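1. have a look; sequence and predicted model below, questions after that.
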Amino acid sequence: ARAAAGWGLEPAARLAHARRVWGALVGPEMAHASAPVAIRGKTLLVGVTHPTVGQEVRLRRTAILAGLATELGKRVLEEIHPVPRRRLPGRGPSREAYVSGRKRVAQRVSPQPPGRRRSG
């Protein structure tokens, strides 16, 4: 913790810890559609994929802050703000899906070798 503070990494370390415990604090359904994305001062920004999830974060704010206080330390975070996100941290497509998608695109757009004509 001292090394993180000395290098100015303490907010990043807190955010990483908040992401690790998020599912246990909010439950699997809500964790699937939300995740901590940033800490600004004493405010945790929570990415949400749907407005309903943002409302749920607001409604459960007190309980979530209490759980985070237990994990991160009292008075570290005082506020939670949901922010809309299309993708959540660590939830993008897998590398395999990315590579196979690139191959499909390359097959569709690759030109015919010179001298060959498409029949049609």
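-> Right, received. Where do you want to start?
2. give me the contact list for the longest helix seen in the chain.
-> Determined from DSSP state H, the single longest helix within the chain is helix 10-26. Outside helix 10-26, the residues within contact range by Cβ atoms under 8 Å, 6 or more residues apart in numbering are 1, 4, 31, 34-36, 38-39, 44, 57, 60, 63-64, 67-68, 71-72, 76-77, 89-90. C-beta: built from backbone N, CA, C; applies to glycine.
3. which residues does the residue nearest to Ser34 when sequence neighbours are not counted contact?
-> Nearest residue to Ser34, sequence neighbours excluded (Cβ to Cβ, 6 or more residues apart in numbering): Val48, at 4.8 Å. Applying Cβ under 8 Å, 6+ apart to Val48 gives the contacts Ala33, Ser34, Gly54, Val57, Pro82, Val83, Pro84, Arg85.
4. can you name the residues that contact the second one?
-> What that stands for is Ser34. Per Cβ under 8 Å, 6+ apart, neighbours of Ser34: Trp22, Val26, Val46, Gly47, Val48, Thr49, Val53, Gly54, Val57, Pro82, Leu88.
5. out of the contacts of Val48, which are buried?
-> Ala33, Ser34, Gly54, Val57, Pro82, Arg85 (16 or more other Cβ atoms under 10 Å).
6. could I get those residues as CSV with distance to Leu15 and pLDDT?
-> Shown next, in CSV, are those (distance: Cβ to Cβ, whole Å; pLDDT from 0 to 100):
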residue, distance to Leu15, pLDDT
Ala33, 19, 94
Ser34, 14, 95
Gly54, 19, 96
Val57, 16, 96
Pro82, 16, 97
Arg85, 15, 92
